[in-house]
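> Test case, fold it:
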Amino acid sequence: RLREMRKERRLLLQEKRNLQDGLDLAWKNLRIFAHVKDELLRELDKTSLEAQEDKKRGQAATKALEDSKLAFEAELQTLKSTHQQEIRDLRDKLTHEVEKRDHIQKAYGKQLSVHQTEQSLMRQRLKDQQALQTRQFEEELEQQVMQITNKAEEDRIVHELALREKILKHEQDRKDLQEVMEGRQYQLKENARQQRERYHAEIERLQSSTNIQLAEYRTELETLQHELKSKFHDLNLAIEVVTEPINLGDIALPQGSQLDLYRVLERDGMGAIRFLLRSIIWDEVMDGFFSAPFGFGVLGSGHGRNRLFQLYSSWRRVLDEDDATSAAETAQPDFDLFQRDQHANLWRCATFSSIRSMIAECDDGNRKETISLYITNKSKVKQDVLNVLSSVTSTVPDGVKRKVDDIVDLAGDLALEAGVHDAHLGLGFPSKGDSVQIRHGFVDCEDEDAIDEVVEEVELVVCPYFYCIGDGNGNFSTLRPIVQGKI
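Model (predicted):
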């Protein structure tokens, strides 16, 4: 129906253009008649010019006659001055000539009068002829304009009648089409309402399922965070136990010892030795298991860490086919990649999960290189911690040695957890002289319950700040503190 209506509209537009063409042709004929009128006016002007030229010729003859008269008088004066006698003899002749001249002048005046009369009659005839032709042209033009106007009026009436019929037909078709469209629209609205109800029901079901999954995820996250917090507390507690003077027996700092580089004991006395030992042991733990973020320091800061860097480079080489990556197999990884790329985090978690599984299932008769590096690193860290304790006491008690084993085991597990966990687990260990704000990640080890958020300068890091950033699955920036550090 819409196509038929568009076709009728095109036919109406074509009829309108035809009518416009007829009007243009009529105006063209009017311009032709105007041109003919201009030609006739130009012919009349030409006739007037010829009459003016005849008048000019008569004036020229008069001037010539006057010139003859002047010449004759000059000759007469000459003859009079030179031949007085001849003048008397010729007086009669001169009189005769004068009479003859008068006769000529009268004849010329009569001819001039006749010519002017004829010229006036001719001019009047031309004016009458011009007026007659103008009236005839105007009458013909008026008749043609009247015919064109009548024809245009007839065409307009016919067109209006046809247009009115088409408009009525179009209006009826529009009403019919509107009724059909309203029926379809009602059906579409009804279908949309039913579909909307189904969508709302599905959305409610999905929201309910999502809320359940979110609650389970939050519960799992809280459980995991509680386990991490508990494991870190156990590690810190073990370090506090092995550094308590009462557990070490008689302790003393040997002369020339390099343990107290910042002269803490000189300033605060031997009562601060437990804080000094905790800071040193935590430094050994950081160097042994946390020398690189995201678990890459779990095998130590030397060969073991380089082996993990090589593993990362191999993965990047396979993924990117980058020659520059393969050329530097032990180069430090782009750790920022794990803070923005979900796929990189998936690889990291899977890799360290495999390492943790191998370590958990290992036996002495079937040790792989990674397991050997892990055990070697734990032994090194244990010996480093025992060396620190041995430097302040003559004999390290067996109970303290067992606690050192616990420290190494807990630190190794926590470093593996940093590699396996989806989020970025980290330990904040500021340097001496850095400024930190109390209650924002750290507390004062001598006044842990202080609530004043003051800025203090770091002397010793008694316990690092344990934190978590993001979740590794889209959120890479939200910082969540797990355990506050102590300075």
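
> residues in contact with the residue nearest the centre of the chain?
Among the residues of the chain, the one closest to the centroid is Arg340, at 24.4 Å (CA atoms, centre = their mean). When contacts are counted by CB atoms under 8 Å, 6 or more residues apart in numbering, Arg340 is found next to Phe476. Where C-beta positions appear, they are placed from N, C-alpha and C, glycine not excepted.

> Per-residue pLDDT of it, please?
Arg340 is assigned a predicted lDDT (pLDDT) of 82.

> Mind jotting down where the strands sit in the stretch 201-350 of the chain?
For the stretch 201-350 of the chain, no strands are identified by DSSP state E, counting those that start in this stretch.

> what ranges of it fall below the confidence cut-off?
Judged against pLDDT under 70, the low-scoring parts of the stretch 201-350 of the chain cover residues 210-222, 255-256, 320-331.

> and if we set it to 90?
Scanning the stretch 201-350 of the chain with the threshold set as pLDDT under 90 gives 201-229, 245, 247-274, 276, 294, 300-305, 307-349.

> so Glu456 touches Asp434, yeah?
No - taking contacts as CB atoms under 8 Å, Glu456 lies outside contact range of Asp434: 9.8 Å.

> In terms of helix, strand or coil, where does Ile482 fall?
Look at Ile482: counting by DSSP: H, G, I helix; E, B strand; the rest coil, its state is strand.

> That one contacts Tyr467, doesn't it?
Yes - assessed by CB under 8 Å, Ile482 is found in contact with Tyr467 at 6.0 Å.

> any idea how far Ala252 lies from Val396?
14 Å (CB to CB, to the nearest Å).

> what's the answer for Ala360, then?
With distances taken as CB to CB, Ala360 is found 29 Å from Val396.

> ok, those two, which is more surrounded?
It is Val396, of Ala360 and Val396, that has more neighbours when counted by other CB atoms under 10 Å, with 20 against 9.

> Leaving out chain neighbours, which residue sits closest to the more buried one?
Leu389 (5.1 Å; CB to CB, 6 or more residues apart in numbering).

> List the buried residues in the helix or strand containing that neighbour.
Counting by DSSP states H and E, the element that carries Leu389 is helix 369-390. By neighbour count, with 16 or more other CB atoms under 10 Å as the criterion, the buried positions of helix 369-390 are 370-371, 373-375, 377-378, 380-382, 384-385, 388-389.

> next helix or strand past that helix?
The first helix or strand that comes after helix 369-390 along the chain, using DSSP H and E, is helix 398-420.

> That next one - contacts with which helices or strands?
When contacts are defined as 3 or more CB pairs under 8 Å, 6 or more residues apart in numbering; DSSP states H and E, helix 398-420 sits against helix 84-243, helix 245-248, helix 273-289, helix 342-361, helix 369-390, strand 424-428.

> mind running it again at 6 Å?
With contacts taken as 3 or more CB pairs under 6 Å, 6 or more residues apart in numbering; DSSP states H and E, helix 398-420 sits against helix 84-243, helix 273-289, helix 342-361, helix 369-390.

> got those helices as CSV, with distance to Asn29 columns?
Compiled in CSV, those are given as follows (distance: least, CB to CB, whole Å):
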stretch, distance to Asn29
helix 84-243, 7
helix 273-289, 107
helix 342-361, 84
helix 369-390, 106
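
> wait, which of the ones you listed is closest to Asp336?
helix 342-361 (9.8 Å; CB to CB).

> and that closest one with helix 369-390, angle?
70 degrees (axes from the mean of the first three to the mean of the last three CA atoms, to 10 degrees).

> Flag every buried residue along helix 342-361.
If you call a residue buried by 16+ other CB under 10 Å, then helix 342-361 has these buried ones: Ala344, Asn345, Trp347, Arg348, Cys349, Thr351, Phe352, Ile355, Arg356, Ile359.

> can you give me how far it is from the chain middle?
Going by CA atoms, centre = their mean, to the nearest Å, the spacing between the C-alpha centre of helix 342-361 and its chain's C-alpha centre is 42 Å.

> next one: stretch 11-21
Between the centre of stretch 11-21 and the centre of its host chain there is 47 Å, according to CA atoms, centre = their mean.

> do the same with stretch 148-162
A distance of 57 Å separates the centroid of the chain from that of stretch 148-162, by CA atoms, centre = their mean.

> And stretch 10-18, by the same measure?
How far stretch 10-18 lies from its chain's middle: 46 Å, per CA atoms, centre = their mean.

> repeat for stretch 268-284
Distance of stretch 268-284 from its chain centroid, counting by CA atoms, centre = their mean, is 58 Å.

> Stretch 56-75 too?
With CA atoms, centre = their mean as the basis, the mean position of stretch 56-75 lies at 99 Å from the chain mean.

> What mean pLDDT does that stretch get?
When the per-residue pLDDT values of stretch 56-75 are averaged, the result is 75.

> Can you give me the domain boundaries for this structure?
Structural domains annotated on the chain: 2-191, 244-421, 423-487, as defined by automatic domain parsing.

> Just put those in CSV and tack on distance to Ala201.
Output for the domains of the chain, formatted as CSV (distance: least, CB to CB, whole Å):
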stretch, distance to Ala201
domain 2-191, 16
domain 244-421, 32
domain 423-487, 28
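
> among these, which is nearest Phe232?
Shortest separation from Phe232 across these is recorded for domain 423-487, at 4.9 Å, computed as CB to CB.

> Over that closest one, what's the mean pLDDT, rounded is fine.
The average pLDDT for domain 423-487 rounds to 82.

> where are the low-confidence patches of the stretch 1-150 of the chain?
1-131, 133-150.

> Helix or strand: which one has Val443?
Val443 belongs to strand 442-443 when assigned by DSSP H and E.

> Pull the residues that contact that strand.
Residues lying outside strand 442-443 but in contact with it, judged by CB atoms under 6 Å, 6 or more residues apart in numbering, are Val436, Tyr465, Gln484, Gly485, Lys486, Ile487.
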